[in-house]
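In: What follows is a predicted protein model with its sequence.
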Amino acid sequence: QVQLIESAGGLVQAGGSLRLSCVASGRTFSSYTMAWFRQAPGKEREFVAAIRWSGDTTRYADSVKGRFTISRDNAKNTVDLQMNSLKPEDTAVYYCAARWRSNANIQGDDYSYWGQGTQVTVSS
């Protein structure tokens, strides 16, 4: 069992930056592929970024490529999402997700564990 807790999001102006962090419980964090998803009001949940358990593969949604960076620190059991050049359309609740030793999948249904979500609002 893995528990995921996201850091607080926030309100930021367009063009600004924000860093989200997700801390995982347990001693086997290094064996979990981690991902970030988001859901805007009235929209489906969508994939944002993923990092494979081995750390050798990352994947990004086209909408965030070049602006967002996912990283992990196995010593601290954390996965971060650095978000730069934020746009109003990045406004959403962001969720951290985990799956045991999988590829960096982009389908939400592939992930077994989810955080509670954190709100990110980008003002224009």
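Out: Great, that's in hand. Numbering: from 1, shown residues only.
In: Just want the most central residue of this protein.
Out: Of all residues in the chain, the one closest to the mean position by Cα atoms, centre = their mean is Trp36, 2.2 Å from it.
In: how about the strands of this protein, start to end?
Out: With strands called from DSSP state E, the chain shows them at 4-6, 10-13, 18-24, 32-39, 46-51, 58-60, 68-73, 78-83, 92-100, 113-114, 118-123.
In: got a list of what Asp90 touches?
Out: 38, 64, 83, 120, 122 (Cβ atoms under 8 Å, 6 or more residues apart in numbering). To be clear about C-beta, it is placed using only N, CA and C from the backbone, and glycine gets the same treatment.
In: between these, which has the most around it?
Out: Neighbour counts for those peak at Met83, which has 25 neighbours (criterion: other Cβ atoms under 10 Å).
In: Please read off the pLDDT at that one from the model.
Out: Looking at Met83, its pLDDT reads 98.
In: For it, list each beta-bridge partner.
Out: Leu18, Phe68 (DSSP bridges).
In: Might one say that it is in contact with Ala14?
Out: No. The pair Met83 / Ala14 is not scored as a contact, 11.9 Å apart, by Cβ atoms under 8 Å.
In: quick one: contacts for the closest residue to the residue nearest to the centre of the chain other than its chain neighbours?
Out: Once flanking residues are discounted, Trp36 sits nearest to Val48: 4.3 Å by Cβ to Cβ, 6 or more residues apart in numbering. Applying Cβ under 8 Å, 6+ apart, we find Val48 in contact with 35-38, 60-61, 64, 68, 81, 94.
In: Of the residues you listed, which is the most crowded?
Out: Ala35 (30 neighbours).
In: how near is that one to Pro41?
Out: 21 Å (Cβ to Cβ, to the nearest Å).
In: No further queries at this time; thank you.
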